[in-house]
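Enquirer: coordinates for the following, if possible.
(one chain, ligands or ions: 2)
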Amino acid sequence: MMSLLPWVSEVAIDVGTANVHVAVKDGGVVVREPALVAYRVSNDTPVAFGTEAKQMLEQGVTEVYVVQPLQAGVVADMNAAAVMLRHYLQKALGRRPLFSPTVLTAYPTAATQVSRRALVQALRAAGAGRVIALQKSLATATGAGLAVDAATTAMVIDIGAGTTDAAALSMGMISDGISVPLGGASLDEALVRGIKRQQGIRLSHHAAEEIKLHVGSVDPSLASSPPAGAANMGSFSDKADDIKAFGVQLDEVPDIIHDACMPIAEELSWLIEQLPAKVRSHLGTTGAVMTGGTSQLRGLSSLLGNRTGVPMAVATDPMSCTMLGLQAILNNLHALSLDGRRVSFAALTRS
Ligand SMILES: Nc1ncnc2c1ncn2[C@@H]1O[C@H](COP(=O)(O)OP(=O)(O)OP(=O)(O)O)[C@@H](O)[C@H]1O
Ligand SMILES: [Mg+2]
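Expert: Ligands and ions are numbered 1, 2, ... in the order given. Predicted structure coming up:
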């Protein structure tokens with residue numbers, strides 16, 4: 001369906017801790033960029049965003065400092081978030097005038113009202129007009145292809161950079177969900193500490209992330225081949241020399257990552273234990289779907305499946321599910337209830 005006013009744009013935006021994705025209505029995903037802003041040290045003005053800011057960080061450019069506006073899935077630096085979102089909205093809309101676009105977005109499923117408001121406020125400050133915000137699991141489950149409005153329960157577990165956002169969904173609504181500040185960033189932090197303790201080497205968080213992506217596994221026996229998401233970080237061989245330069249004994253890395261994943265397993269077990277016995281037993285047969293960048297760690301789906309008693313499968317294109325769900329809902333806004341808490345999957349698939 002066309003907008004009533006042809007010059008009014010509609011966009012969907014997944015504002016993640018590590019990555020921002022933007023799609024325009026009836027178009028594709030037009031922005032996929034790291035959620036970073038580089039500021040010039042001398043006058044605190046933003047000079048680069050996304051990939052370019054990340055390159056400056058990697059190259060250790062001293063004239064700039066780099067800010068990640070979101071931490072643990074929520075806006076931590078309002079000014080940086082607004083500046084970054086304005087840049088990406090303008091990039092997405094290109095030559096279309098930035099005429100207060102309608103923006104569909106998602107906040108962590110169990111977010112506080114304060115952090116929900118902060119996201120809406122950052123988008124408004126970035127130039128958005130109407131902002132429609134929904135719980136992230138509704139979008140992620142839709143993007144992962146789960147039948148969110150079936151009368152049975154489906155489960156989606158999104159393990160991103162800053163949060164693990166998981167929910168049981170049924171009849172187009174979330175019946176129970178959690179958002180906890182655990183994900184890729186907490187694994188990087190565990191590596192910084194573990195490598196320092198075991199090998200006496202002090203790594204930056206960025207170096208720890210590179211090592212995590214290179215090893216790519218929670219299980220030493222699965223850690224030898226290139227990581228599934230290696231394409232996101234340049235080719236495996238490109239990075240091999242950089243990794244060697246850190247001087248870290250890599251065979252200790254899977255165990256450190258494994259141990260750092262245990263709190264995630266505990267949180268998921270907690271969520272699953274709260275569900276009615278009938279629903280638990282149903283999920284024990286049908287399983288749950290994992291999304292988010294961190295879900296790509298080899299061995300993680302079996303680890304979480306064994307710990308929780310719910311078999312886990314990783315979605316296709318796991319880092320895009322939230323965005324794809326938002327995009328599908330944007331293209332069928334009538335499928336979303338007015339309070340943004342219910343999605344009619346039937347309406348999505350009919351159009
Ligand atoms: N192949 C991989 N193996 C393990 N971790 C990966 C892989 N690819 C990416 N990651 C990690 O996934 C995280 C980014 O995932 P994603 O883009 O889903 O997060 P996000 O949506 O920005 O964050 P959040 O949803 O938590 O706010 C980073 O921590 C990154 O290190
Ligand atoms: Mg995410």
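
Enquirer: mind telling me which residue of the stretch 51-200 of the chain is nearest ligand 1?
Expert: Gly184 (1.9 Å; Cβ to the nearest ligand atom). All C-beta spots, glycine's among them, are computed from the backbone N, C-alpha and C.

Enquirer: which ones are touching that residue?
Expert: Contacts for Gly184 (Cβ atoms under 8 Å, 6 or more residues apart in numbering) come out as Ala18, Ile159, Gly160, Ala161, Gly162, Glu209, Lys212, Gly293, Thr294.

Enquirer: let's go with 7 Å and repeat that
Expert: Each residue near Gly184 by Cβ atoms under 7 Å, 6 or more residues apart in numbering is listed here: Ala18, Gly160, Ala161, Gly293, Thr294.

Enquirer: excluding chain neighbours, what is closest to the third one?
Expert: Translated: Ala161. Nearest residue to Ala161 in three dimensions, chain neighbours excluded: Ala18, at 3.4 Å (Cβ to Cβ, 6 or more residues apart in numbering).

Enquirer: quick one: pLDDT of that neighbour?
Expert: What the model reports as pLDDT for Ala18 is 98.

Enquirer: I'd like to know how many residues surround the residue in the stretch 251-351 of the chain that ligand 2 sits nearest to.
Expert: Closest to ligand 2 within the stretch 251-351 of the chain is Thr322: 5.1 Å, counting by Cβ to the ion. Neighbour count for Thr322, taken as other Cβ atoms under 10 Å: 32.

Enquirer: just the buried ones among the contacts of Gly184, please.
Expert: Ala18, Gly160, Ala161, Gly293, Thr294 (16 or more other Cβ atoms under 10 Å).

Enquirer: any stretches of the stretch 51-200 of the chain with poor pLDDT?
Expert: Applying pLDDT under 70 to the stretch 51-200 of the chain flags residues 95-98.

Enquirer: let me see the ranges of the strands in it.
Expert: Taking DSSP state E, counting those that start in this stretch to define them, one finds strands in the stretch 51-200 of the chain at 64-67, 70-71, 74-75, 102-107, 131-135, 154-159, 164-170, 173-180.

Enquirer: list the residues that contact Leu57.
Expert: Residues in contact with Leu57 (Cβ under 7 Å, 6+ apart) are Val66, His206.
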